[in-house]
Structure formats: structure tokens, C-alpha cells
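Visitor: Got a sequence here, can you model it:
(2 chains)
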Amino acid sequence: DSGVTQTPKHLITATGQRVTLRCSPRSGDLSVYWYQQSLDQGLQFLIQYYNGEERAKGNILERFSAQQFPDLHSELNLSSLELGDSALYFCASSVGGLIHETQYFGPGTRLLVL
Amino acid sequence: SQQGEEDPQALSIQEGENATMNCSYKTSINNLQWYRQNSGRGLVHLILIRSNEREKHSGRLRVTLDTSKKSSSLLITASRAADTASYFCATAMYNNNDMRFGAGTRLTVKP
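Guide: Numbering: from 1, shown residues only, chains lettered A, B, ... in the order given. The predicted structure is shown next:
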């Protein structure tokens, strides 16, 4: 158990809909990272937040957005969903703000868009 | 796009044998990390090697880094059935707030 929690574990929705994924980092970690893992694209870094502010941006679509709240939990919002958004979404956390630090991954949310 | 490329894509060995996986990358890096993922589950950090290090050990794991060849290898000695998983290398590049993962090596250890 990494100490990172994600909810929900599974999510099934329809094209065009909007969903919110939630992540709680390990106690004491200030950074939260979001990743998407799909069969065709592999594991892709989406975005990093550090202590409430956006720190780094990867291959995140404009339809996706994230935020980190004062209690350091984070939410990833996915809107206008398409079939290709079906994937495993992971959250990770680390102590500091440097992306090359060791990251601790949550169990993931499996999203299926029908 | 992926920065690291692991090979082989899949590896099947008997329990007790050693497993070697390789990772190549394209640009200068700050460090290189290896992660393990059991089927459909979160990644678990195994080991981090900095760009100024050449070799690092952790238990049954040995990682080497050759920055001139832009490659790394992960050796698992005396493998166990419980080592069955996918193994990914991840690179963080200098002056670039990005973390890139390779496509992974799927290791199967037969009891």
C-alpha cells in the first residue's frame, strides 16, 4: 500500500459526459501527478500540482483539467468524453516539487467510455 | 510520446534464473528510475539511479546506467514467481518538467 488513495476504482460512462476522479496523496507529500495509461499510448504524464499550484504540464488534453485543494487532495476532470479516453488513470504523489523525485502511485481509476 | 524504450517487450524465465531488462532513452537526463506494475495495478518504485552514478544495488536488483550510450539495464537475480510483472523505466530530463515512461517489459517467472 503506497498511501495514495484514488476514487472511484471503476467508472463507466457514455461519450460526451463529464467525470471527476479524486486522489489523496500520501501524508506529507505536497506534489500530486496525474497519468493516463492506455494500451496504445502507454503511460503518459498529464499534469503535476505542487502545494496547490500547477507545476508541470504533459500531454493533457484541453478537455481535461485538474486542481489541487488546500488539503492537498486533487481532482482530475475529464469532459466531452470520447471512446479513446477509456484508460487507467493513475495519481502519484511525492514529497517535493521536483518531477524527477520518487513518486508513489495510487491503485488507479479504470475509466470505460461507451 | 515515450522517451524510454525497454527491451525485450516480453521475457519468460524459470524461477531461480536471472532476468535482465534494458532501457534506452533519447535525451540527457537528470535521473532514471525503474518501476514495477502488477497487472492492472499501480506502479511501485524500485530504484532510482542518478546521471552521475553507474551502478546501484537494492536487494536482488542491480541497475546500471551508461549515459554515453543513453541506456540502462535492470537485473533481477534469483527470480521468483512473485516477480512476474511489467517493468518500466522512467526518465526525467534536465530543464524539462516532464517524466517519460517506456512501454515496459512484461516479465513472466514460471514456478
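Visitor: So what's the residue count around residue 54?
Guide: Picked chain A for this. Neighbours of residue A:54 under the rule other C-beta atoms under 10 Å in any protein chain shown: 13. Backbone N, C-alpha and C define where each C-beta goes, glycine included.
Visitor: not what I meant, chain B
Guide: Counted with other C-beta under 10 Å, the neighbours of residue B:54 add up to 11.
Visitor: Who's the closest spatial neighbour of it, skipping the chain neighbours?
Guide: The spatial neighbour of residue B:54 that comes closest, neighbours along the chain excluded (C-beta to C-beta, 6 or more residues apart in numbering or on different chains), is residue B:65 at 6.0 Å.
Visitor: Buried residues of the helix or strand containing that neighbour, list them for me.
Guide: Per DSSP states H and E: residue B:65 is located in strand B:61-66. Neighbour counts over strand B:61-66 (16 or more other C-beta atoms under 10 Å in any protein chain shown) mark B:61, B:62, B:63, B:64, B:65 as buried.
Visitor: what's the answer for stretch A:73-87, then?
Guide: Of the residues in stretch A:73-87, A:74, A:75, A:76, A:78, A:81, A:85, A:86, A:87 count as buried by neighbour count, 16+ other C-beta under 10 Å.
Visitor: wait, the last one sits on residue A:112?
Guide: The reference is to residue A:87. No. Taking C-beta atoms under 8 Å as the definition, residue A:87 is not a contact partner of residue A:112, at 9.1 Å.
Visitor: Mind checking which of the buried residues of stretch A:73-87 are in strands?
Guide: A:74, A:75, A:76, A:78, A:87 (DSSP state E).
Visitor: returning to that earlier point: which pair in the buried residues of strand B:61-66 spans the largest distance?
Guide: Using C-beta to C-beta, the two most remote members of these are B:61 and B:65, lying 13.3 Å apart.
Visitor: ok, which stretches of chain A are strands?
Guide: Using DSSP E, the strands of chain A run over residues A:5-7, A:10-13, A:19-24, A:31-38, A:42-50, A:53-57, A:64-68, A:74-78, A:87-94, A:104-105, A:109-113.
Visitor: check contacts around the residue minimising distance to the centre of chain A.
Guide: For chain A, the residue nearest the mean C-alpha position is residue A:34 (3.0 Å; C-alpha atoms, centre = their mean). Residues counted as contacts of residue A:34 (C-beta atoms under 8 Å, 6 or more residues apart in numbering or on different chains) are A:23, A:45, A:46, A:47, A:48, A:60, A:66, A:74, A:76, A:89, A:90, A:91.
Visitor: from those, which are also near chain B?
Guide: Among these, the ones lying near chain B by C-beta under 8 Å from any C-beta of the partner chain are A:45, A:48, A:90.
Visitor: chain center to stretch A:32-50: distance?
Guide: Here stretch A:32-50 is found 7 Å from its chain centre; the criterion is C-alpha atoms, centre = their mean, to the nearest Å.
Visitor: okay, how far is it across that stretch, tip to tip?
Guide: In terms of C-alpha to C-alpha, to the nearest Å, the two terminal residues of stretch A:32-50 are separated by 6 Å.
Visitor: Give the next helix or strand downstream of the lowest-mean-pLDDT helix or strand in chain B.
Guide: When the helices and strands of chain B are scored by mean pLDDT, DSSP states H and E, strand B:5-7 comes last with a mean of 80. Past strand B:5-7, further along toward the C-terminus, the next helix or strand under DSSP H and E is strand B:10-14.
Visitor: in that following strand, what's buried?
Guide: Going by neighbour count (16+ other C-beta under 10 Å), the buried part of strand B:10-14 is B:11, B:13.
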